[in-house]
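**Student:** pasting the sequence and the predicted model now:
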Amino acid sequence: MTDDLYRTRLAEATEPFAREHPTVWGSAEDGPFDAEALHDHAERGFTILRDVLAPEELATYQAELQRLTGDASLRGDERVITERGSGEIRSIFAVHRISELIDQLSRDPRLLDRARQLLGSDVYLHQTRINSMPGFRGSGFYWHSDFETWHAEDGMPAPRSVSCSIALTPNFPYNGGLMVMPGSHRTFVPSVGETPEDNHRSSLKEQKVGVPSEEVIAEMAHRHGIDQFTGPAGSALWFDANIMHGSGNNITPFPRSNIFLVFNSVENALQDPFAASSPRPDHIAHREVQPLS
């Protein structure tokens, strides 16, 4: 196993520390991002692109979202996560395996070329899902770094991974849009407490293990500030695996839904979990390294 450079789930609180790895691994010659865009992404840890999906494409994926969330055969499937209170569908994982449209989207050069450029290598899908945050009843997610969980529970060695969230509905400042702390991706925040057995069964509804303390969140928010992913349907947010982010509840009548694709470098394949007794199921963290083409 690779040396653990990002120790977490510790018995006692440990100070956050600077990450060991770059955010951008490729260059302007490697893909569609120009040098300025790559520099901005490396500094902020995220990039927002408008109009990634054309109107006719957007309508197709919105219809696919409705098909999947309305598919009675998926009820009770382990890939489906429901809201704790209402029972409405919150997420469907490994969605590229049950939707040919989303599988094709993950291979679309508009996405794939950017993922390869940011990570400086061929890439594969670490995780995919659709997220549905209904109006009035959509619950948010507390502040966290995805990489902390992917490292601790999935065995991802380094934060050489990038997520792409494509909005299928408008993201307003008030309907539970994703909040990010620009620049926070350069700091790794170890968490306190052992990983419970089968932690994923509860953490995907409400994460309690692997989250920073309020003191750390306050310090980082004052240091970095908070931005939010807002924009029309069809926009995309690219964000680093280690950026601190979270979302509030949606108490408005306006739903918020997205397609979520996580690209991981083929040179960053999963190992044994660094802070859990066993890896999470394959539908949450894919262990087969199959380069996308």
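**Tutor:** All right, it came through fine.
**Student:** quick one: contacts for V180?
**Tutor:** Applying CB atoms under 8 Å, 6 or more residues apart in numbering to V180 gives the contacts G45, F46, I226, D227, Q228, F229, F239, I243, M244, H245. Quick note: C-beta positions are derived from backbone N, CA and C, even for glycine.
**Student:** switch to 10 Å and redo it
**Tutor:** Contacts for V180 were tallied using CB atoms under 10 Å, 6 or more residues apart in numbering; they are 44-46, 48, 224-229, 237, 239-240, 243-247.
**Student:** do V95 as well
**Tutor:** V95 neighbours (CB under 10 Å, 6+ apart): 64-65, 68, 79, 101-103, 106, 127-131, 259-261, 283.
**Student:** hmm, 8 Å instead?
**Tutor:** L68, R79, I102, T128, R129, I130, I259.
**Student:** and these, which two are furthest apart?
**Tutor:** Largest separation among those by CB to CB: R79 and I259, giving 14.8 Å.
**Student:** separate out the buried members of the contacts of V180.
**Tutor:** 44-46, 48, 224, 226-229, 237, 239-240, 243-247 (16 or more other CB atoms under 10 Å).
**Student:** so I81 touches A94, yeah?
**Tutor:** No. Using CB atoms under 8 Å, I81 is not in contact with A94; the gap is 11.7 Å.
**Student:** re earlier: in helices, which of the contacts of V180 appear?
**Tutor:** Mapping these onto helices (DSSP state H) picks out R44, H224.
**Student:** for the stretch 151-293 of the chain, what spans make up the helices?
**Tutor:** Using DSSP state H, counting those that start in this stretch, the helices of the stretch 151-293 of the chain run over residues 200-203, 214-224.
**Student:** right, and Y174 touches T252 too?
**Tutor:** Yes. Y174 is within contact range of T252, at 5.6 Å (criterion: CB under 8 Å).
**Student:** give me the below-cutoff pLDDT ranges for the stretch 101-250 of the chain.
**Tutor:** Judged by pLDDT under 70, the stretch 101-250 of the chain has its weakly predicted residues at 198-208.
**Student:** so how far is D77 from the spatially closest residue to T230 that is not a sequence neighbour?
**Tutor:** Counting by CB to CB, 6 or more residues apart in numbering, N171 is the residue found nearest to T230 once chain neighbours are left out, at 4.9 Å. Here the criterion is CB to CB, to the nearest Å. By it, N171 lies 27 Å from D77.
**Student:** quick one, which of these two is more surrounded?
**Tutor:** More neighbours surround N171 than the other of N171 and D77, with 25 against 14 (other CB atoms under 10 Å).
**Student:** ok, that one to G231 distance?
**Tutor:** Noted for N171: a distance of 6 Å to G231, by CB to CB.
**Student:** quick one: mean pLDDT over stretch 75-88.
**Tutor:** For stretch 75-88, mean pLDDT rounds to 82.
**Student:** how about that stretch: buried residues?
**Tutor:** So, applying 16+ other CB under 10 Å, buried residues of stretch 75-88: R79, V80, I81, E83.
**Student:** for that stretch, how far is the first residue from the last?
**Tutor:** One end of stretch 75-88 sits 10 Å from the other (CA to CA, to the nearest Å).
**Student:** try stretch 11-20
**Tutor:** Note: stretch 11-20 ends 23 Å apart using CA to CA.
**Student:** for that stretch, list every residue counted as buried.
**Tutor:** For stretch 11-20, using 16+ other CB under 10 Å, the buried residues are R19.
**Student:** same check, this time on stretch 130-141
**Tutor:** Neighbour-count burial for stretch 130-141, with 16+ other CB under 10 Å as criterion, is recorded at I130, N131, S132, M133, P134, G138, S139, F141.
**Student:** which among these gets closest to A37?
**Tutor:** Using CB to CB, those come closest to A37 at N131, 25.6 Å.
**Student:** hey, what's the closest one bridged with?
**Tutor:** S91, N258 (DSSP bridges).
**Student:** correct me, but it touches P255?
**Tutor:** No. Counting by CB under 8 Å, N131 stays clear of P255, with 10.5 Å between them.
**Student:** what are the boundaries of the helices in the stretch 1-150 of the chain?
**Tutor:** 35-44, 55-69, 100-106, 109-119, 146-149.
**Student:** hmm, back to that, could you pick out which of the contacts of V180 are located in strands?
**Tutor:** Members of the contacts of V180 lying in strands (criterion: DSSP state E): F46, I48, D227, Q228, L237, F239, D240, H245, G246, S247.
**Student:** can you pull the contacts of the residue nearest to the last one when sequence neighbours are not counted?
**Tutor:** What that stands for is S247. For S247, ignoring the flanking residues on the chain, the nearest one in space by CB to CB, 6+ apart is G140 at 4.1 Å. If you count contacts by CB under 8 Å, 6+ apart, G140 has them with G176, G246, S247, G248, N249, N250.
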